[in-house]
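Colleague: Here is a sequence with its predicted model. Questions after.
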Amino acid sequence: MPATVSGIVAYPVTPFSGDGEKIDVAALRILIDRMIDAGVDALAPLGSTGESAYLDDDEWTLVASESIGHTAGRVPTVVGVSELTTAGTVKRARIAESCGATAIMVLPISYWKLSERELRQHFTAVAESVGIPVMVYNNPGTTGIDMSPEFLVGLVDAVDNITMIKESTGDIGRMHRIVELGGGGVPFFNGSNPLARSAFQAGAAGWCTAAPCLVPDQIVQFWKLLRANEIDRADELFTRLDPLLRLLVSRGLPATVKAGLRGLGFEAGDPRLPMLPLETDVAEELEILIAAVRD
């Protein structure tokens with residue numbers, strides 16, 4: 001099953017109403033339209049940026065169905081389905097598929113550190129429960145589980161619809177190793193903002209990023225310049241983007257992105273407790289960096 005996703009994969013936040021108790025569907029739709037209109041290549045709702053771990057089942061299903069439905073096939077959708085148990089992840093995977101998702105993304109979530117045998121069983125069970133492509137997501141910084149390139153490529157080789165890898169350790173050497181192990185035929189996606197330039201050089205199929213929530217035109221333009229082989233202009237733009245990209249990932253993405261949106265006059269609410277809004281001084285620094293990129 002070939003990969004159906006590439007380029008700029010944009011991760012929307014999940015907007016909440018003023019009191020934080022309800023999903024702000026209207027704001028979610030506006031955010032999706034802004035990113036698609038700017039030219040992102042795919043949308044990935046319900047990743048860590050979308051606070052998927054902090055939503056109950058009904059909320060998760062609402063965001064999945066609204067995101068896929070409002071996107072309406074304009075770009076592919078990669079829905080994060082991660083849950084603590086295999087059964088819960090399978091349930092979400094099937095919901096995403098029934099709503100029309102292009103693909104699903106699976107991050108291992110666990111209280112106990114999982115062995116490779118347990119991880120292999122988990123990913124295989126989830127992949128076999130649906131008929132759409134699966135992106136396996138490695139992010140030990142948030143999960144405490146680190147999957148080696150050998151293990152990840154092995155999953156792609158062994159399970160038919162596990163077709164893509166998202167690598168977010170920030171180690172460019174791992175991306176080169178994925179290319180080597182997969183003979184250049186395994187699509188991998190960069191999930192580390194500061195590595196975007198070097199990841200594309202290494203052969204990444206795409207960049208998974210929340211930055212298009214704030215500066216969609218500039219992120220898309222960077223990718224267009226790279227594809228046009230206008231390397232000097234791409235490097236110049238990325239140099240301008242880099243301080244913003246680093247600040248975004250210096251804190252929890254829901255807090256930084258929502259603070260940035262608020263500074264732009266777009267209200268997406270606060271992150272859900274126990275996460276807290278960004279401190280005032282950091283939010284002000286973020287506004288300055290966004291303005292510098294948009295000028």
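Modeller: Okay, I see it.

Colleague: now the strands for this structure?
Modeller: 7-10, 42-43, 78-80, 103-106, 134-138, 162-167, 188-190, 206-209 (DSSP state E).

Colleague: what's near enough to touch Gly100?
Modeller: Neighbouring residues of Gly100 by CB atoms under 8 Å, 6 or more residues apart in numbering: Ile68, Gly69, Gly73, Thr77. C-beta here means a position set from N, CA and C on the backbone, and glycine is covered the same way.

Colleague: Could you rerun that using 10 Å?
Modeller: Ala64, Ser65, Ile68, Gly69, Thr71, Ala72, Gly73, Thr77, Val79, Ile132 (CB atoms under 10 Å, 6 or more residues apart in numbering).

Colleague: Same question for Ile36.
Modeller: Ala10, Ala42, Leu43, His70, Thr71, Ala72, Arg74, Val75, Pro212, Pro216.

Colleague: Give the buried residues for the lowest-mean-pLDDT helix or strand in the chain.
Modeller: None of the helices or strands of the chain scores lower by mean pLDDT, DSSP states H and E than helix 140-143, at a mean of 88. Buried positions in helix 140-143, judged by neighbour count with 16 or more other CB atoms under 10 Å: Thr143.

Colleague: Ok, stretch 43-60 next?
Modeller: Buried residues in stretch 43-60 (16+ other CB under 10 Å): 43-55, 59-60.

Colleague: Next: stretch 240-252.
Modeller: By 16+ other CB under 10 Å, the buried positions in stretch 240-252 come out as Arg240, Leu241, Asp242, Leu244, Leu245, Leu247, Leu248, Val249, Arg251, Gly252.

Colleague: which residues touch the residue nearest to the fourth one when sequence neighbours are not counted?
Modeller: The shortest distance from Leu244 to any residue that is not its chain neighbour, by CB to CB, 6 or more residues apart in numbering, is 4.2 Å, and that residue is Leu289. In this structure, Leu289 makes contact with Leu214, Val215, Arg240, Leu241, Asp242, Pro243, Leu244, Leu245, Arg246, Leu247, Leu248, Gly260, judged by CB under 10 Å, 6+ apart.

Colleague: and what of Leu31?
Modeller: 10, 12-15, 24, 43, 45, 67, 70, 212-213, 216, 257, 261, 266, 268.

Colleague: Narrow the residues you listed to those that are buried.
Modeller: Buried among these by 16+ other CB under 10 Å: 10, 12-15, 24, 43, 45, 67, 70, 212-213, 216, 257, 261, 266, 268.

Colleague: For Ala72, grab the count of nearby residues.
Modeller: By other CB atoms under 10 Å, the residues close to Ala72 number 11.

Colleague: State the distance from it to Asp33.
Modeller: Ala72 sits 11 Å away from Asp33, taking CB to CB, to the nearest Å as the criterion.

Colleague: just Ala125 next, same as before
Modeller: According to CB to CB, Ala125 and Asp33 sit 36 Å apart.

Colleague: could I have the longest helix belonging to the chain exported to PDB, CA atoms only?
Modeller: Longest helix of the chain, by residue count under DSSP state H: helix 231-248. Taking Å, rounded to 0.1, in the frame of the first residue of the first chain, the C-alpha atoms of helix 231-248 are listed here in PDB:
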ATOM      1  CA  ILE A 231      18.100  26.500  -1.900                       C
ATOM      2  CA  ASP A 232      19.500  29.900  -0.900                       C
ATOM      3  CA  ARG A 233      16.100  31.400  -0.600                       C
ATOM      4  CA  ALA A 234      14.800  28.400   1.400                       C
ATOM      5  CA  ASP A 235      17.800  28.700   3.700                       C
ATOM      6  CA  GLU A 236      17.200  32.400   4.200                       C
ATOM      7  CA  LEU A 237      13.500  31.800   5.100                       C
ATOM      8  CA  PHE A 238      14.300  28.900   7.400                       C
ATOM      9  CA  THR A 239      16.800  31.100   9.200                       C
ATOM     10  CA  ARG A 240      14.000  33.500   9.900                       C
ATOM     11  CA  LEU A 241      11.700  30.700  11.000                       C
ATOM     12  CA  ASP A 242      14.200  28.900  13.200                       C
ATOM     13  CA  PRO A 243      13.800  31.000  16.500                       C
ATOM     14  CA  LEU A 244      10.100  30.700  16.300                       C
ATOM     15  CA  LEU A 245      10.200  27.000  15.700                       C
ATOM     16  CA  ARG A 246      12.600  26.400  18.600                       C
ATOM     17  CA  LEU A 247      10.400  28.400  21.000                       C
ATOM     18  CA  LEU A 248       7.300  26.500  19.900                       C
END
